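>>> Based on what follows, work out the 3D shape:
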Amino acid sequence: MISRFAQLIAAAVLCWPALAVAAGPVYDVDLYALMSGTCRNVTVAGRSYTCKAVAYFHTLRGRSEFTVVLDDPADKSHIISFSGESTERTQDNLFELAVDRMLLKSSDRPRVDGLPVPLVEMSTGSCRQVGSFITRQVSTITCAATDQNGKKYELSFESDGSPMTLRRLRQSTLPSERQRARQIAQLECRLKARAAQVLPRDTTAFMIRCLGEGDGKPADEQR
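Residues are numbered from 1 along each chain as shown. Predicted coordinates for the structure are as follows:
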């Protein structure tokens, strides 16, 4: 079962202002949904895993992804995404995605802004979600894909009945690299405060201290 704390961590990891891809950062995510439940089966090139979180992303360019944060003790950055551009709603509660590539993130991948750049494997397959983004209810998600090297990837997810967390993101002027770094640092500090169970009255002081430690100067000197 995916814990609430794991969901918060996964949401922070998955939903940065930029999602790294092979060609560099892409800033066009306009919707994401985070599901709560259990991965009955996750297979990556013949190896079986459990998962920490499952999420859906949509971009302004029309690409969709079902992303899985794997529970891999040997690699805390192990994330896979079933990605494609062609979607279909064959029924009110059935959503299908034609998968044309797998995005594979791991700790040994190159990084952009501290985030692993995924290995892109051209693939064929599909994902099927029983449920509706409109009602925020999902029952199951199943995915199966095979890459050009014959490696297979599978996902079988079952909801615990909780409504999915759905966010629509407004697009604005792209932030500068310094602003993006600042945003990421703030998010990391908020996660540290949550993990340390900092009381609300002490959060501001904790954030100032945390941000100051990140770049070696007081927060009020940063622009």
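
>>> longest helix of the protein?
helix 177-195 (DSSP state H).

>>> Only alpha carbons, please: show it as PDB.
In PDB, the C-alpha atoms belonging to helix 177-195 read as follows (Å, rounded to 0.1, in the frame of the first residue of the first chain):
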ATOM      1  CA  GLU A 177      17.700  28.800 -14.400                       C
ATOM      2  CA  ARG A 178      18.400  30.700 -11.100                       C
ATOM      3  CA  GLN A 179      14.700  31.000 -10.400                       C
ATOM      4  CA  ARG A 180      14.200  27.300 -11.100                       C
ATOM      5  CA  ALA A 181      17.000  26.400  -8.800                       C
ATOM      6  CA  ARG A 182      15.400  28.500  -6.100                       C
ATOM      7  CA  GLN A 183      12.000  26.900  -6.600                       C
ATOM      8  CA  ILE A 184      13.600  23.400  -6.300                       C
ATOM      9  CA  ALA A 185      15.500  24.400  -3.200                       C
ATOM     10  CA  GLN A 186      12.300  25.700  -1.500                       C
ATOM     11  CA  LEU A 187      10.500  22.500  -2.300                       C
ATOM     12  CA  GLU A 188      13.400  20.400  -1.000                       C
ATOM     13  CA  CYS A 189      13.400  22.400   2.300                       C
ATOM     14  CA  ARG A 190       9.600  22.000   2.700                       C
ATOM     15  CA  LEU A 191      10.000  18.300   2.400                       C
ATOM     16  CA  LYS A 192      12.800  18.300   5.000                       C
ATOM     17  CA  ALA A 193      10.600  20.300   7.300                       C
ATOM     18  CA  ARG A 194       7.800  17.800   6.900                       C
ATOM     19  CA  ALA A 195      10.100  14.900   7.400                       C
END
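
>>> Could you check the angle the following helix or strand past that helix makes with helix 177-195?
Going down the chain from helix 177-195, the next helix or strand is helix 200-215, by DSSP states H and E. Taking axes from the mean of the first three to the mean of the last three C-alpha atoms, to 10 degrees, one finds helix 200-215 and helix 177-195 inclined to each other by 140 degrees.

>>> Can you list the buried residues in helix 200-215?
Phe206, Met207, Cys210, Leu211, Gly212, Gly214 (16 or more other C-beta atoms under 10 Å). Every C-beta, even on glycine, is put in place using the N, C-alpha and C of the backbone.
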